[in-house]
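[1] sequence plus the predicted model coming up.
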Amino acid sequence: MRPSAHHRTAVARCQNAEMTDLEMGAAGELEAAFGPGTSAASGVAPGRVTLLGEHVDYVSGRIACMAIDLTLAVAVRPSADGHWRVVSDGHRVERPAPSMARDIGDRVFAAASALGRFGVVLPPLDIGVASRVPRSSGLSSSAALTAASLVAMLRLAGARLSSDDLVAAALIAEREIVGVPCGDLDPLAVVYSRAGSVLLLDCATGSRETRGWPWPEIGLVVASSGERHDVQGTGYRTRRAMAERACVTLGASGCQEIGDRWRDLPGELRAAGRHIATETRRTDAAIAALEAGDAHRLGVLVNESHESLSSDYRISTERLDAMTAAARRVPGCYGARLVGGGFGGSALALVDRSAADACAAAMAAAAIPDAGTWLIEPSAGVAVLAPDVVTSPT
């Protein structure tokens, strides 16, 4: 989903806010595919990475994450003939109603259906998408697409939602309508992150905190493996079911209550139980490392997280293992691990900025050719980017 040439006359933003180039790209996709029409409204949302706390959101764990400066934009306008259409990178879908068909239209149409639960009624729409978040990469392009769609549709309707309701609408779209058994992590990160900060989530209590990124000289490199990641696949569903069974077997309401009792689990659940129990504790240790400005300690935790995801949770691949190993061999890299749901996707490295190019090249050499690398920055979420339609909770 690459941004196309933009058409500045095609888009109207509420309150005359400045359009981003990517939003113009989404409007350009729309106009090139469907011809001129009424002015479109647009929205933009970021991707995200998890620093620590992978695969614990659905078992009430603790997570350190952030939105990133790879973003996605959606432009929407009323359809002239009552049909629903989406175009992204030249790929088009069309339906008489916003139904699911496992294609590029699903999350956009699901967002429209979810808004109906909150009293926001939309006409049939033409929709354009432009993205710098690589698809199926473990960087939450799906959550970015859902959130950007919600913002654009709210602007078109002249409606508002609280940030909490926007997260709820995104989860309705993903879980109930698209049918993905996801946790809360992605929409929370995409909505609530702050620029230059790490977002700390406690999925047991619902609390959110932020910590500033303490190292101007240290950054995060993300490299796509080129292997497509899919949270709708059986692997993700199986791991979630195992984690939930581990908690139930131990009489724990979530992974934060397990401690060392994972040793008491039956053999088929023990490794999964160990991952979720140790991963949520690694998040607490990561927070301490951030507060102490201890990059070496954080790097050790990042490495331990990958080993747990690979050996215990078994969601890595040979390619992701090779990419993280290659990153760690680069002088100036503190640690590396897979990021996202696994079974493909991307690898993340904590690295001195002076060594970022070398680290990216090392990971890219172990990936499918031309899969892509990025030096990312912790960035603002939708609650900051769209205050005209996303309001603070009352």
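    Nice, thanks for sending it over. Residues are numbered from 1 along each chain as shown.

[2] which residues touch Ser224?
    Ser224 makes contacts with Pro134, Ser137, Gly345, Ser346, Ala367, Ala371, Gly372, Thr373, as judged by C-beta atoms under 8 Å, 6 or more residues apart in numbering. Heads up, the C-betas are built off the backbone N, CA and C, glycines and all.

[3] how close does the residue most central in space within the chain sit to Arg155?
    Nearest residue to the geometric centre of the chain (C-alpha atoms, centre = their mean): Ser140, 2.4 Å. Look at Ser140 and Arg155: by C-beta to C-beta, to the nearest Å, they are 22 Å apart.

[4] next one: Gly105
    20 Å.

[5] thinking again about what came up before, backbone torsions only: list them for the residue nearest to the centre of the chain.
    phi 70, psi 40 (degrees, to the nearest 10).

[6] take the contacts of Ser224 and lay them out in JSON lines including secondary structure.
    Shown next, in JSON lines, are those (DSSP: H, G, I helix; E, B strand; the rest coil):
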{"residue": "Pro134", "secondary structure": "coil"}
{"residue": "Ser137", "secondary structure": "coil"}
{"residue": "Gly345", "secondary structure": "coil"}
{"residue": "Ser346", "secondary structure": "strand"}
{"residue": "Ala367", "secondary structure": "coil"}
{"residue": "Ala371", "secondary structure": "coil"}
{"residue": "Gly372", "secondary structure": "coil"}
{"residue": "Thr373", "secondary structure": "strand"}
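
[7] helices along the stretch 201-350 of the chain, start to end?
    234-249, 267-292, 295-307, 318-328 (DSSP state H, counting those that start in this stretch).

[8] send the alpha carbons of the last one over as PDB?
    Extracted as PDB, the C-alpha positions of helix 318-328 are listed here (Å, rounded to 0.1, in the frame of the first residue of the first chain):
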ATOM      1  CA  GLU A 318      14.400 -19.700  11.000                       C
ATOM      2  CA  ARG A 319      14.600 -16.400   9.100                       C
ATOM      3  CA  LEU A 320      13.600 -14.300  12.100                       C
ATOM      4  CA  ASP A 321      16.100 -16.200  14.300                       C
ATOM      5  CA  ALA A 322      18.800 -15.500  11.700                       C
ATOM      6  CA  MET A 323      17.900 -11.800  11.500                       C
ATOM      7  CA  THR A 324      18.000 -11.300  15.200                       C
ATOM      8  CA  ALA A 325      21.300 -13.200  15.500                       C
ATOM      9  CA  ALA A 326      22.800 -11.100  12.700                       C
ATOM     10  CA  ALA A 327      21.700  -7.900  14.500                       C
ATOM     11  CA  ARG A 328      23.400  -8.900  17.700                       C
END
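
[9] for this protein, what's the longest strand?
    strand 62-78 (DSSP state E).

[10] direction included, what does the helix or strand hosting Ile127 pair against?
    Per DSSP states H and E, Ile127 falls inside strand 125-131. If you go by DSSP bridges, strand 125-131 pairs up with strand 62-78 (antiparallel), strand 84-88 (parallel).

[11] avg pLDDT for that strand?
    For strand 125-131, mean pLDDT is 97.

[12] and stretch 248-268, by the same measure?
    In this model, stretch 248-268 has a mean pLDDT of 98.

[13] cool, stretch 212-226 as well?
    97.

[14] endpoints of that stretch, how far apart?
    End-to-end distance of stretch 212-226 (C-alpha to C-alpha, to the nearest Å): 31 Å.

[15] swap in stretch 131-145?
    Stretch 131-145 has an end-to-end distance of 9 Å (C-alpha to C-alpha).

[16] swap in stretch 168-182?
    One end of stretch 168-182 sits 13 Å from the other (C-alpha to C-alpha).

[17] equivalent analysis for stretch 120-127, please.
    Using C-alpha to C-alpha, the distance between the terminal residues of stretch 120-127 is 17 Å.

[18] repeat for stretch 111-124
    OK, stretch 111-124 end separation, C-alpha to C-alpha: 13 Å.

[19] going forward can the numbers begin at 19, since that is how I track them
    New numbering, starting at 19: the last item is stretch 129-142.

[20] now do it: distance to the chain's middle.
    How far stretch 129-142 lies from its chain's middle: 22 Å, per C-alpha atoms, centre = their mean, to the nearest Å.

[21] and for stretch 77-95?
    For stretch 77-95, the distance to the chain centre is 4 Å (C-alpha atoms, centre = their mean).

[22] CA atoms only for that stretch, dumped as PDB, please.
    Coordinates of each C-alpha in stretch 77-95 appear next as PDB, following Å, rounded to 0.1, in the frame of the first residue of the first chain:
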ATOM      1  CA  VAL A  77      -3.900 -12.800  29.400                       C
ATOM      2  CA  SER A  78      -3.900  -9.500  31.400                       C
ATOM      3  CA  GLY A  79      -0.100  -8.900  31.200                       C
ATOM      4  CA  ARG A  80       2.000  -5.800  31.200                       C
ATOM      5  CA  ILE A  81       3.400  -4.300  28.000                       C
ATOM      6  CA  ALA A  82       5.900  -1.600  27.000                       C
ATOM      7  CA  CYS A  83       5.100  -0.400  23.500                       C
ATOM      8  CA  MET A  84       5.000   2.700  21.200                       C
ATOM      9  CA  ALA A  85       3.400   4.100  18.100                       C
ATOM     10  CA  ILE A  86       5.900   4.700  15.300                       C
ATOM     11  CA  ASP A  87       6.500   7.200  12.600                       C
ATOM     12  CA  LEU A  88       5.400   4.800   9.900                       C
ATOM     13  CA  THR A  89       1.800   5.800   9.200                       C
ATOM     14  CA  LEU A  90      -1.300   5.000   7.200                       C
ATOM     15  CA  ALA A  91      -3.900   7.400   5.800                       C
ATOM     16  CA  VAL A  92      -7.500   6.900   4.700                       C
ATOM     17  CA  ALA A  93      -9.700   9.200   2.600                       C
ATOM     18  CA  VAL A  94     -13.500   8.700   2.400                       C
ATOM     19  CA  ARG A  95     -16.300  10.300   0.500                       C
END
